[in-house]
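Novice: Please find the sequence and the predicted model below.
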Amino acid sequence: MSEFEPNKTVGKKIDLQHAKYVARKAGYLDLIKELQATRGRIELGGGLEKQKREHSRGKMLPRERIAALVDADSVFQEIGTFVGEGMYEEEGGCPAGGTVMGTGHINGRLCVIVANDATVKAGAWFPITAKKNLRAQEIALENHLPIIYLVDSAGVFLPMQDEIFPDKEHFGRIFRNNAILSSKGIPQIAAVMGSCVAGGAYLPIMSDEALIVDGTGSIYLAGPFLVKAAIGETVDSETLGGAATHSEISGVTDYQLPDDATCLKTIRDLVGRMSTQPKAAFDRAQAVLPAFDASELLGIMPVTGSEPYDMYDVLGRIIDADSWTEYKAGYGKTLLTGYARIDGWSVGIVANQRELVKARAGVKAGTDELQAGGVIYSDSADKAARFIMNCNQKRIPLVFIQDVSGFMVGSRAEQGGIIKDGAKMVNAVSNSVVPKFTIIVGNSYGAGNYAMCGKAYDPRMICAWPTARIAVMGGAQAAKTLLQIQKAKFKRSDEVLSKEAENELLAEITARYESQTTPYYAASRLWVDEIIEPTETRSWISRGLEIANHNAEIIPFNPGVIQT
């Protein structure tokens with residue numbers, strides 16, 4: 001390499017026998033074992049007995065239906081696996097939100113697929129089920145992807161109807177989105193492969209085409225029992241809303257199929273006839289493997305949120321080898337900004353640096369001091385804002401890799417204008433028009449979550465590693481703050497806490513707070529789309545970019561007012 005040629009290598013070779021590496025890898029393997037076990041339990045849905053019952057009725061399970069639907073050489077990338085985890089325990093739980101959702105290729109065409117799981121409360125819709133289905137439609141809308149619904153649901157879970165029925169982001173929004181998708185020319189195909197009851201009956205009929213399976217599929221606004229109660233009519237399910245009724249009499253459905261397998265083959269045929277749509281044409285070169293093995297991420301990444309590590313080493317195991325061009329490398333060093341390729345795709349990367357770095361002399365935060373890893377300083381925020389605007393100008397998608405403690409605090413930072421510089425970065429992220437993708441690898445605290453494109457800032461996809469922690473602040477700081485509030489309450493009541501009682505209260509508060517910062521807590525509520533293993537990061541970003549490339553719409557970038 002000549003002295004004038006930029007150094008595009010990022011990261012360094014790791015001593016795989018080093019005690020710290022070995023310990024970190026052992027700890028991370030434990031986290032992955034927990035992740036895989038949890039995923040396996042969730043995939044059982046309502047349990048083996050209910051799965052057997054579905055099979056006895058001649059029905060396939062949701063993941064079996066999806067496997068038969070997607071191309072043999074395509075990976076179905078499931079989204080929202082952990083939705084509902086730990087929620088609704090009094091109601092018996094709601095594994096995966098009672099719905100399997102994700103993206104896969106059907107006859108070569110990338111589609112969003114949503115399949116109800118009838119083993120979970122007969123496919124009933126819990127509040128989180130509606131949120132997950134809305135997320136599926138959001139992905140289809142913003143990326144102009146066809147969406148396939150495999151319907152098998154008993155409708156709204158009535159004991160919680162007040163939390164799912166009337167609000168803007170509740171059940172009715174599904175049908176509104178059906179109409180919006182149709183108006184934008186985004187194909188929707190619905191297959192009724194089981195129950196399709198009450199308000200849910202509108203979903204397949206508001207799709208472009210509707211299929212129904214003979215003997216198991218049924219559609220009606222009110223079932224036989226409700227019809228009897230409402231108008232006194234006695235009618236069986238098949239006569240009321242079976243496949244023959246809606247295919248031969250009402251004309252509600254377009255295709256009547258004898259079984260699940262034939263129904264899925266027909267969907268494949270219909271998708272295969274769709275025209276090819278214009279693409280966004282984001283730049284993609286020949287993919288190159290990373291310079292270092294992705295499996296080494298497990299020994300690089302600490303399992304606690306307090307130990308430092310070098311983000312360059314992480315990037316060197318995700319991006320294509322020799323594709324790194326760093327932007328403002330010597331400035332604002334607690335944020336890394338640069339151009340790279342991931343699986344050939346051109347991207348701009350904004351990543352937190354957890355190593356302690358020496359501050360550039362004369363920066364607003366102070367001179368010649370060590371800047372804390374994971375903290376965003378004024379110079380870092382200023383650099384990132386400018387880089388984000390550059391990527392928008394060049395139509396380069398953005399990838400945010402989060403391990404952020406927040407913005408720098410204290411009198412020196414405030415006097416240096418940290419709020420203004422932070423606002424500048426938040427503004428750039430908010431108004432960004434290129435696709436954004438976020439990977440939370442460690443801490444995601446406070447306004448740092450916002451500035452680094454948290455869920456509120458519309459990333460096309462947001463994933464978390466098992467080491468992710470998402471909260472307004474770190475557990476230790478939050479627990480101490482909450483303890484002081486509790487102590488103040490006791491003091492106003494003229495009560496005095498013993499040291500032992502204080503320690504017990506602190507432990508209780510810490511445990512409760514920490515449980516709410518885990519990636520599982522976040523994923524169960526769809527604050528993140530999926531928890532992924534570090535080695536899957538590259539494939540997730542690549543699929544996300546492939547998805548985003550389907551929307552050819554060009555929106556002008558206007559950052560509004562940004563203070564300088």
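Specialist: Good, I have the coordinates.
Novice: CA atoms for contacts and neighbours, from now on please.
Specialist: Will do.
Novice: For Y339, see how far away the nearest residue to I212 once chain neighbours are set aside is.
Specialist: Sequence neighbours aside, V192 is the residue nearest to I212 in space, at 4.6 Å (criterion: Cα to Cα, 6 or more residues apart in numbering). Plainly put, V192 is 46 Å away from Y339 if you go by Cα to Cα, to the nearest Å.
Novice: Who has more neighbours out of those two?
Specialist: Higher neighbour count among V192 and Y339: V192, with 28 against 22, using other Cα atoms under 10 Å.
Novice: so the more buried one sits in a helix?
Specialist: No - remark: V192 does not belong to a helix; assigned using DSSP: H, G, I helix; E, B strand; the rest coil, it is strand.
Novice: and it, what is it in contact with?
Specialist: 150-152, 204, 210-213, 217-219 (Cα atoms under 8 Å, 6 or more residues apart in numbering).
Novice: what does L16 give?
Specialist: By Cα under 8 Å, 6+ apart, the residues touching L16 are 22, 299.
Novice: Over to it: give its phi and psi.
Specialist: phi -70, psi -10 (degrees, to the nearest 10).
Novice: cool, and T99?
Specialist: Torsion angles at T99 (phi, psi; degrees, to the nearest 10) stand at phi -150, psi 140.
Novice: ok, now V114?
Specialist: According to degrees, to the nearest 10, V114 has phi -130, psi 120.
Novice: Quick check: chain neighbours aside, which residue is closest to it?
Specialist: M101 (4.5 Å).
Novice: and what of G332?
Specialist: Using Cα to Cα, 6+ apart, the nearest residue to G332 is S380, at 3.9 Å.
Novice: Tell me which other helices or strands the longest helix seen in the chain touches.
Specialist: Counting residues, the longest helix found in the chain (DSSP state H) is helix 19-42. Other elements packing on helix 19-42 under the criterion 3 or more Cα pairs under 8 Å, 6 or more residues apart in numbering; DSSP states H and E are helix 297-300.
Novice: Just the mean pLDDT for the helix it packs on, thanks.
Specialist: In this model, helix 297-300 carries a mean pLDDT of 98.
Novice: which stretches of the stretch 1-150 of the chain aren't confidently modelled?
Specialist: Scanning the stretch 1-150 of the chain for pLDDT under 70 picks out the ranges 1-7.
Novice: which residues of it fall in helices?
Specialist: Taking DSSP state H, counting those that start in this stretch, the helices of the stretch 1-150 of the chain run over residues 19-42, 48-56, 62-69, 127-143.
Novice: tell me the most buried of these?
Specialist: helix 127-143 (a mean of 22; mean count of other Cα atoms under 10 Å).
Novice: Only C-alpha atoms, please: export stretch 284-302 in CSV.
Specialist: Taking C-alpha atoms only, stretch 284-302 is exported to CSV below (Å, rounded to 0.1, in the frame of the first residue of the first chain):
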residue,chain,number,x,y,z
ARG,A,284,-24.3,-3.1,-4.4
ALA,A,285,-21.0,-4.5,-5.4
GLN,A,286,-19.7,-8.1,-5.3
ALA,A,287,-20.0,-9.3,-1.7
VAL,A,288,-16.7,-9.9,0.2
LEU,A,289,-16.4,-11.7,3.5
PRO,A,290,-15.3,-9.7,6.6
ALA,A,291,-11.6,-9.6,7.3
PHE,A,292,-12.1,-11.5,10.5
ASP,A,293,-14.4,-14.4,11.4
ALA,A,294,-17.8,-13.3,12.8
SER,A,295,-17.7,-16.0,15.4
GLU,A,296,-15.0,-14.0,17.2
LEU,A,297,-17.6,-11.4,18.1
LEU,A,298,-18.6,-13.7,21.0
GLY,A,299,-15.2,-13.2,22.7
ILE,A,300,-14.9,-9.5,21.9
MET,A,301,-18.2,-8.4,23.3
PRO,A,302,-18.5,-8.3,27.1
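Novice: How far off centre is that stretch?
Specialist: Relative to the mean C-alpha coordinate of its chain, stretch 284-302 is positioned 21 Å out (Cα atoms, centre = their mean, to the nearest Å).
Novice: hang on, the earlier thing: among the contacts of V192, who's most crowded?
Specialist: Neighbour max across the contacts of V192 (other Cα under 10 Å) = I212, 32 neighbours.
Novice: ok, and that one, which helix or strand is that part of?
Specialist: strand 209-213 (DSSP states H and E).
Novice: Averaged pLDDT, that strand. What do you get?
Specialist: pLDDT averaged over strand 209-213 gives 97.
Novice: For that strand, name the packing helices and strands.
Specialist: strand 188-197, strand 255-257, helix 260-272.
Novice: Residues touching the longest helix of the chain, excluding its own?
Specialist: 15-16, 81-82, 95-96, 298-303, 466-467, 533.
Novice: same check, this time on stretch 83-94
Specialist: By Cα under 8 Å, 6+ apart, the surrounding residues in contact with stretch 83-94 are 45, 95-97, 120-121, 126, 128, 132, 520-521, 523-526.
Novice: Among these, name the buried ones.
Specialist: 45, 95-97, 120-121, 126, 128, 132, 520-521, 523-526 (16 or more other Cα atoms under 10 Å).
Novice: Which members of those occur in strands, if any?
Specialist: Of the buried ones among the contacts of stretch 83-94, none are assigned to strands by DSSP state E.
Novice: What pairs with the one helix or strand I440 maps to, parallel or antiparallel?
Specialist: Using DSSP H and E, I440 sits in strand 436-445. Here strand 436-445 has these sheet partners by DSSP bridges: strand 398-404 (parallel), strand 461-464 (parallel), strand 469-471 (parallel).
Novice: I186: which of the ones you listed is closest?
Specialist: For those, proximity to I186 was assessed by Cα to Cα; strand 461-464 is nearest, at 19.5 Å.
Novice: average pLDDT across the closest one?
Specialist: On average, the pLDDT along strand 461-464 is 98.
Novice: Outside of that strand itself, list whatever touches it.
Specialist: 436-441, 454-455, 519, 528-532, 544.
Novice: The helices of the stretch 1-150 of the chain into JSON lines, with extra columns for distance to A287?
Specialist: Formatted as JSON lines, these follow (distance: least, Cα to Cα, whole Å):
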{"stretch": "helix 19-42", "distance to A287": "27"}
{"stretch": "helix 48-56", "distance to A287": "41"}
{"stretch": "helix 62-69", "distance to A287": "27"}
{"stretch": "helix 127-143", "distance to A287": "23"}
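Novice: looking at these, which is closest to A511?
Specialist: helix 19-42 (18.3 Å).
Novice: In contact with the closest residue to L335 other than its chain neighbours: list those residues for me.
Specialist: Nearest non-adjacent residue to L335, counting by Cα to Cα, 6+ apart: N352, 4.7 Å away. Each residue near N352 by Cα under 8 Å, 6+ apart is listed here: 311, 334-336, 373-376, 401-404.
Novice: try 7 Å
Specialist: Applying Cα atoms under 7 Å, 6 or more residues apart in numbering, one finds that N352 lies in contact with 334-336, 374, 401-404.
Novice: now, which of those sits nearest K424?
Specialist: Within the contacts of N352, the smallest distance to K424 is 14.8 Å, found for L335 (Cα to Cα).
Novice: what are the phi and psi angles of the closest one?
Specialist: phi -130, psi 130.
Novice: burial count for it?
Specialist: 27.
Novice: Can you give me the distance of it to A523?
Specialist: 26 Å.
Novice: for the helix or strand hosting A413, which positions count as buried?
Specialist: Counting by DSSP H and E, the element that carries A413 is helix 411-415. Neighbour-count burial for helix 411-415 flags A413 (criterion: 16+ other Cα under 10 Å).
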